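Participant: I would like the atomic coordinates for the input below:
(one chain, ligands or ions: 2)
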Amino acid sequence: MTEKKRIVSGMRPTGALHLGNYHGALKNWISMQDSHDCFFFIADWHALTSNYEDTGDIPSFTRQMIIDWLSAGLAPEKSTLFVQSHIKEHAELFLLLSMITPTPWLERNPTYKDQIDQLNNKDLSTFGFLGYPVLQAADIIIYKAQGVPVGIDQAPHIEITREIARRFNYLYGNVFPEPETILTEMAKILGTDRRKMSKSYHNAIYLSDTPEAIMSTVLKMVTDPQRARKSDPGNPHVCNVYEFHRLYSPESMVSTIDKECRSARIGCVDCKKMMAKNLIDVLAPIRKKNLYFKDHPEIVDDILASGEKKAGQVARETLEEVREAVNL
Ligand code: TRP
Ligand code: SF4
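Facilitator: Numbers count the residues shown, from 1 in each chain. Ligands and ions are numbered 1, 2, ... in the order given. Okay, here's the model as predicted:
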């Protein structure tokens, strides 16, 4: 039997997960649990790189995120689940990697420039923010990951990780594999306003939303913008509600809606209600588990403790090798 490939990935603690997070990352992680040796963690130190002024939400956001992971199907008996800042070795490796990482690699990182432009209300001219990819590299190679499942936006960071691993191996001897990027297909679903689904745009549907919240959010969704009246034929292929139907409704309903939308036999409100009902049904078990884990915090604590134990052991072994290679 060949050993399972090890993969590592993380998410910054942003609180409750929405469907964009689910389809953009979590669903893929869940599907890799049987075929891979998975390490998944909450990147709370990374949250500080851009949010160092306001850290108050980190504990509750971390908690909600792990609960959403578990509720959606990440399983502690399959995957190693933990919080980044609990494994102090990440920080030690980060420090050592920072010694060998040329700053131009970080300055030309496209996400660095994008974020500085986008988050222009924050002062991001910090050492920590520039070093974001170095910390990310430490997160990954500390477990000697062979692959990193991420969305396309993170691809430049994995490229930097590979370069750092290569440089370390060149300088000190072969310690780290160079991890592959395992790209997650992005689902086409958008937020209610047809922008990217995002917490900060207030256009998201959350895994833990109540049925009432889901219905009211769906009813606010922008549909085919060309379709002003019920009597106008619509084009489902430019409609976000239709993309949701494709994910959450039975195939027969999807093809009926396709036809009836084009011939103006169904109105958008009815179409949305049908979709919302299916979405509510799909999310019901996740919501139920959410409530269960919130009622049983000790179960979540135990899961994190055992993940931490496993991750800590691997991290400590790697650091021993690293210190020896660096002559420390
Ligand atoms: N930068 C990632 C993001 O914003 C989060 C992250 C931190 C990560 N460390 C990682 C992802 C290591 C993969 C591997 O989504
Ligand atoms: Fe979209 Fe449905 Fe309205 Fe057609 S009927 S435009 S698919 S919401």
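
Participant: ligand 2 contacts on the stretch 101-250 of the chain?
Facilitator: For the stretch 101-250 of the chain, the residues in contact with ligand 2 (CB under 6 Å from any ligand atom) are 223-224, 227, 234, 236, 239, 241-242. C-beta: built from backbone N, CA, C; applies to glycine.

Participant: buried residues in stretch 97-110?
Facilitator: 97-98, 101, 106, 109 (16 or more other CB atoms under 10 Å).

Participant: over to stretch 317-325?
Facilitator: Buried residues in stretch 317-325, counted by 16+ other CB under 10 Å: 318-319, 322, 325.

Participant: tell me the one among these nearest to ligand 2.
Facilitator: Taking CB to the nearest ligand atom as the measure, ligand 2 sits nearest to residue 318 out of these, at 50.9 Å.

Participant: quick check: pLDDT value at the closest one.
Facilitator: In this model, residue 318 is scored at 98, pLDDT.

Participant: do the one 4 residues further on as well
Facilitator: At residue 322 the predicted local confidence, pLDDT, stands at 98.

Participant: the helix or strand where it lies - contacts with which helices or strands?
Facilitator: Per DSSP states H and E, residue 322 falls inside helix 297-326. Here helix 297-326 touches strand 36-42, helix 58-72, strand 79-83, helix 89-100, helix 155-172, going by 3 or more CB pairs under 8 Å, 6 or more residues apart in numbering; DSSP states H and E.

Participant: which residues sit in contact with residue 124?
Facilitator: Shown in contact with residue 124 (CB atoms under 8 Å, 6 or more residues apart in numbering): 50, 115-116.

Participant: redo that, cut-off 6 Å
Facilitator: Residue 124 makes contact with residue 116 under the criterion CB atoms under 6 Å, 6 or more residues apart in numbering.

Participant: for residue 10, which three-state class applies?
Facilitator: Using DSSP: H, G, I helix; E, B strand; the rest coil, the structure places residue 10 in strand.

Participant: pLDDT wise, what is the closest residue to it other than its chain neighbours at?
Facilitator: Take residue 10 and drop its neighbours on the chain: the residue closest to it by CB to CB, 6 or more residues apart in numbering is residue 43, 4.1 Å away. Looking at residue 43, its pLDDT stands at 98.

Participant: before we move on, which element is the residue of the chain most remote from its centre in?
Facilitator: Residue farthest from the centre of the chain, counting by CA atoms, centre = their mean, is residue 231 at 40.5 Å. Using DSSP H and E, residue 231 maps to neither a helix nor a strand.
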